[in-house]
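Visitor: A structural model of the following input is requested.
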Amino acid sequence: MRSTQITIKDIARILGISPSTVSRALKDHPDINADTKKAVNELAGKLKYRPNAVALSLKNSRSYTIGA
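Guide: Residues are numbered from 1 along each chain as shown. Okay, the predicted model is just below:
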C-alpha cells in the first residue's frame, strides 16, 4: 500500500468492485446490497479512509476555511 491517503479507487481495487459502487455504499445508497455496504464500510474503517477535503470543497463550491 501507498503511504498516501486511501482513495475510493483503492477500496474498489481491493474489493474487486467499481469505484462508483464504493461511493454509493459509503453514502448508504438503497440500491447497494447490504453485504457490499458492510464490506466497504469495514474496509474503509480498517484503512482509515477519509474523503478528500479538496474534492469535497470543489463539489460543494465551499472551501470551509475561515475568512474565505
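
Visitor: Please enumerate the helices of this protein.
Guide: 8-15, 19-26, 34-46, 53-60 (DSSP state H).

Visitor: So for the most centrally placed residue in the chain, what's the pLDDT?
Guide: Note on the chain: the residue nearest the mean C-alpha position is residue 8, at 4.5 Å, using CA atoms, centre = their mean. Note on residue 8: pLDDT of 95.

Visitor: show me what contacts it?
Guide: When contacts are counted by CB atoms under 8 Å, 6 or more residues apart in numbering, residue 8 touches 19, 22-23, 26, 49. (Glycine included, C-beta is placed from N, CA and C.)

Visitor: quick one on the thing from earlier: could you dump the helices of the chain into CSV and include distance to residue 66?
Guide: CSV is the format used below for those (distance: least, CB to CB, whole Å):
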stretch, distance to residue 66
helix 8-15, 28
helix 19-26, 28
helix 34-46, 29
helix 53-60, 14
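
Visitor: what's the most buried one of these?
Guide: With neighbours taken as mean count of other CB atoms under 10 Å, the helices of the chain reach their highest mean count in helix 19-26, at a mean of 19.

Visitor: What lies in contact with that one?
Guide: The set of residues external to helix 19-26 that reach it, using CB under 8 Å, 6+ apart, is 8-9, 11-12, 15, 31-32, 36-37, 40-41, 44, 49.

Visitor: hmm, 10 Å instead?
Guide: 7-15, 17-18, 29-34, 36-41, 43-44, 49, 51 (CB atoms under 10 Å, 6 or more residues apart in numbering).
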